[in-house]
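In: Predicted structure and sequence below. I'll ask about it afterward.
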Amino acid sequence: MVTAADQETRRDVAWAEARRFAHEAASPAPPVRVALGRAAGLTLAQDLVVATPLPAFDTSAMDGFAVSGPGPWTIAGSARPGRPWTGGSLAAGQAVEISTGAVVPPGTWAVLPVESAAVRDDRVALAGEPAVTRDGTDAVPGEPAAARDGGFAVPGLARGKHIRYTGEDAPAGACLAPAGTPVGPPLLGLAATCGYDELLVRRAPAVVAIVTGDELATNGLPGPGRVRDALGPLLPSLIAELGGRLDGLVHVPDQPVAALAEAVESAAGADVVVVTGSTSVGVTDGLRRLLAERDARWIVDSVACRPGHPALLARPRGGPYVVGLPGNPFAALTAAHTLLGPLLAGLSGRALDDLPQAPLLSRIVVPAGRTRIVPVVWDGPGVRAVGGDRPAFLNGAALADALAAIPPAHESGEPVPLLLLRR
Ligand SMILES: Nc1nc2c(c(=O)[nH]1)N[C@H]1C(S)=C(S)[C@@H](COP(=O)(O)OP(=O)(O)OC[C@H]3O[C@@H](n4cnc5c(N)ncnc54)[C@H](O)[C@@H]3O)O[C@H]1N2
Ligand code: MOO
């Protein structure tokens with residue numbers, strides 16, 4: 001059972017609280033200004049505000065004819081992207097041949113797509129619809145009254161059709177993305193659309209990973225007393241996925257214990273140090289002792305979840321944050337999502353992810369007072385456990401779409417929070 005005293009000492013912290021504590025503990029790094037082309041993967045440190053209306057001019061959305069008044073229309077010229085029509089306002093009965101992306105001449109009723117146009121010599125009419133009403137009374141059925149203007153209507157061609165009007169996407173001064181938004185491909189394109197050349201961003205926090213364990217081998221087959229290091233290969237992409245920038249990965253033996261202290265010392269320039277395989281209380285697990293010697297502030301000292309219970313987050317005085325991930329590989333994965341992801345989000349100025357939820361369709365036993373984390377795949381309206389989820393085994397996680405965090409007292413079929421995985 002998790003007691004109030006446990007919550008005070010940050011031991012056996014409830015899983016959702018552990019995420020929140022990790023996020024809250026981080027103060028965002030100072031922002032930097034970078035060229036648009038170098039901002040991918042970073043985090044906006046400013047609101048993305050558009051200075052000019054979008055689109056910046058009335059734009060044709062189709063290749064066809066800008067027409068004014070009732071047809072048929074006389075073709076008076078052309079408008080191309082970058083080469084607007086220079087004939088001034090379009091008069092009733094006139095048309096201008098227009099390309100997608102060109103400036104729509106003032107006075108245009110709508111753009112008639114080329115597929116709907118019948119062209120003869122210098123005249124254009126609606127294909128198969130030469131009739132045009134003067135008063136709109138016999139406009140096409142269902143044509144809204146708002147489509148009538150100036151005492152006439154064009155059946156089959158609503159006013160403004162195929163025109164993207166100035167400011168229709170966003171008026172000048174609109175905030176299109178708040179500070180804290182991750183900069184992905186669409187946001188880069190949007191920033192360029194707004195006319196940004198540089199962005200004020202927060203860089204991905206620098207992470208040094210220290211993998212401990214005398215039994216670990218970095219190549220060849222596992223065998224008696226010999227375990228292949230699963231975390232060295234897993235951590236670089238996991239750290240990137242969680243929003244960090246790997247600044248080094250070292251292997252350190254369990255003995256002598258001073259080796260871990262030296263490795264942590266050498267990582268003093270990083271924002272975060274991740275130590276794997278030293279979270280427990282055995283004689284070969286030196287991390288807790290090291291943190292005690294450094295008078296570290298405990299942010300999370302074990303989590304009420306399975307697996308990943310011994311995971312920890314602390315900050316030695318004047319040093320980087322230290323995240324301790326259990327040596328068991330699946331436990332390390334769950335712990336990284338629980339503590340490292342939220343910490344990196346906080347350091348980057350990002351909000352703590354509001355986790356998506358879906359009904360859990362499998363019956364899973366959850367230990368009393370703990371959150372159980374299992375790999376799941378999408379299955380129709382919900383998620384289904386895939387198995388292969390013992391703490392040392394990554395088979396389930398390798399095939400999963402998400403990790404489901406099943407809270408204590410969960411009833412089968414109820415929604416559960418999901419940590420989405422990228423494969
Ligand atoms: N007396 C107790 N013993 C343990 C407890 C406990 O509460 N009391 N908790 C258990 C749990 S749960 C876990 S998880 C582990 C965490 O231990 P450590 O983080 O100190 O890790 P190790 O003891 O070094 O290793 C555990 C296990 O994982 C294997 N390992 C380690 N690193 C890797 C790696 N990079 N790749 C693949 N496998 C790795 C290691 O060989 C061990 O089998 O503590 C329990 N004990
Ligand atoms: O909780 Mo440990 O993290 O089971 O493997």
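Out: Cool, got the structure. Ligands and ions are numbered 1, 2, ... in the order given.

In: Flag every residue of the stretch 301-423 of the chain that's near ligand 2.
Out: Residues of the stretch 301-423 of the chain lying close to ligand 2 by Cβ under 6 Å from any ligand atom are 306-310, 326, 328, 331, 391. C-beta: built from backbone N, CA, C; applies to glycine.

In: now what about the particular helix or strand that has residue 118 in it, what contacts it?
Out: Taking DSSP states H and E as the definition, one finds residue 118 inside strand 117-120. With contact meaning Cβ atoms under 8 Å, 6 or more residues apart in numbering, strand 117-120 is reached by 64-65, 75, 124-128, 130.

In: Now the residue nearest the centre of the chain. Its backbone dihedrals?
Out: Geometric centre of the chain, nearest residue: residue 182, 5.9 Å, by Cα atoms, centre = their mean. Backbone dihedrals for residue 182, given as degrees, to the nearest 10, come out at phi -70, psi 140.

In: and which of the contacts of strand 117-120 is nearest ligand 1?
Out: Closest approach to ligand 1 among the contacts of strand 117-120 (Cβ to the nearest ligand atom): residue 64, at 63.0 Å.

In: picking up where we left off before, quick check: closest non-adjacent residue to the residue nearest to the centre of the chain.
Out: For residue 182, ignoring the flanking residues on the chain, the nearest one in space by Cβ to Cβ, 6 or more residues apart in numbering is residue 43 at 5.7 Å.

In: How much space separates the one you found from ligand 2?
Out: Residue 43 sits 30 Å away from ligand 2, going by Cβ to the nearest ligand atom, to the nearest Å.

In: now swap in residue 34 and tell me
Out: As for residue 34, its distance to ligand 2 is 38 Å (criterion: Cβ to the nearest ligand atom).

In: Kindly report the same for residue 28.
Out: Applying Cβ to the nearest ligand atom, the value for residue 28 to ligand 2 is 30 Å.

In: Could you pull up the residues touching the residue of the chain most remote from its centre?
Out: Most distant residue from the mean C-alpha position of the chain: residue 121, 53.5 Å away (Cα atoms, centre = their mean). Residues near residue 121 by Cβ under 8 Å, 6+ apart: none.

In: So it versus ligand 1, what's the distance?
Out: Counting by Cβ to the nearest ligand atom, the separation of residue 121 from ligand 1 is 79 Å.

In: Could you do residue 183 as well?
Out: From residue 183 across to ligand 1, the span is 32 Å (Cβ to the nearest ligand atom).

In: What of residue 382?
Out: 28 Å.

In: What of residue 321?
Out: Look at residue 321 and ligand 1: by Cβ to the nearest ligand atom, they are 18 Å apart.

In: again with residue 51
Out: Separation of residue 51 from ligand 1 (Cβ to the nearest ligand atom) stands at 51 Å.

In: looking at this, that residue is in a helix?
Out: No: counting by DSSP: H, G, I helix; E, B strand; the rest coil, residue 51 falls outside a helix, being coil.

In: surely it meets residue 193?
Out: No: counting by Cβ atoms under 8 Å, residue 51 sits too far from residue 193 to count as a contact (11.7 Å).

In: Can you get me a residue count around residue 318?
Out: Residues lying near residue 318 (other Cβ atoms under 10 Å) number 8.

In: Per-residue pLDDT of it, please?
Out: We have a pLDDT of 87 for residue 318.

In: Also residue 241?
Out: 95.

In: With adjacent residues omitted, what lies nearest to it?
Out: In space, residue 241 is closest to residue 422, 5.8 Å off (Cβ to Cβ, 6+ apart).

In: Residue 85 too?
Out: Using Cβ to Cβ, 6+ apart, the closest residue to residue 85 is residue 79 (4.1 Å).

In: so that neighbour is in which element?
Out: strand 73-79.

In: Let me know the angle separating the following helix or strand past that strand from strand 73-79.
Out: Remark: after strand 73-79, the chain's next helix or strand is strand 94-98, criterion DSSP H and E. For strand 94-98 against strand 73-79, the angle by axes from the mean of the first three to the mean of the last three Cα atoms, to 10 degrees is 40 degrees.

In: returning to what we had before: thinking the residue nearest to the centre of the chain is in contact with residue 350, fair?
Out: Yes: Residue 182 is within contact range of residue 350, at 6.5 Å (criterion: Cβ under 8 Å).

In: what sits in contact with each of those two?
Out: 43, 243.

In: on that earlier part again, which positions are bridged to the residue nearest to residue 182 in the beta structure?
Out: Counting by DSSP bridges, residue 43 is bridged to residue 182, residue 202.

In: where's the residue lying closest to residue 280 once chain neighbours are set aside relative to residue 273, distance?
Out: Spatially, and ignoring its direct neighbours in sequence, residue 280 is nearest to residue 310 (5.4 Å; Cβ to Cβ, 6+ apart). Shown here: residue 310 relative to residue 273, a distance of 17 Å by Cβ to Cβ, to the nearest Å.

In: So which of the two has more stuff around it?
Out: Neighbours per residue (other Cβ under 10 Å) separate residue 310 from residue 273, with residue 273 holding more: 25 against 22.

In: circling back to that earlier point, so what's the residue nearest to residue 280 scoring on pLDDT?
Out: At residue 310, pLDDT is 96.

In: measure it to ligand 1 for me?
Out: Noted for residue 310: a distance of 5 Å to ligand 1, by Cβ to the nearest ligand atom.

In: That residue reaches residue 279, doesn't it?
Out: Yes: using Cβ under 8 Å, residue 310 is in contact with residue 279, at 4.0 Å.

In: anything in contact with each of these two?
Out: Contact with both residue 310 and residue 279 is made by residues 324, 326, according to Cβ under 8 Å, 6+ apart.

In: Enumerate the residues of the protein near ligand 1.
Out: Counting by Cβ under 6 Å from any ligand atom, the chain comes close to ligand 1 at 211, 213, 215-216, 227, 229-231, 276-281, 285, 307, 309-310, 326-329, 331, 391-392.
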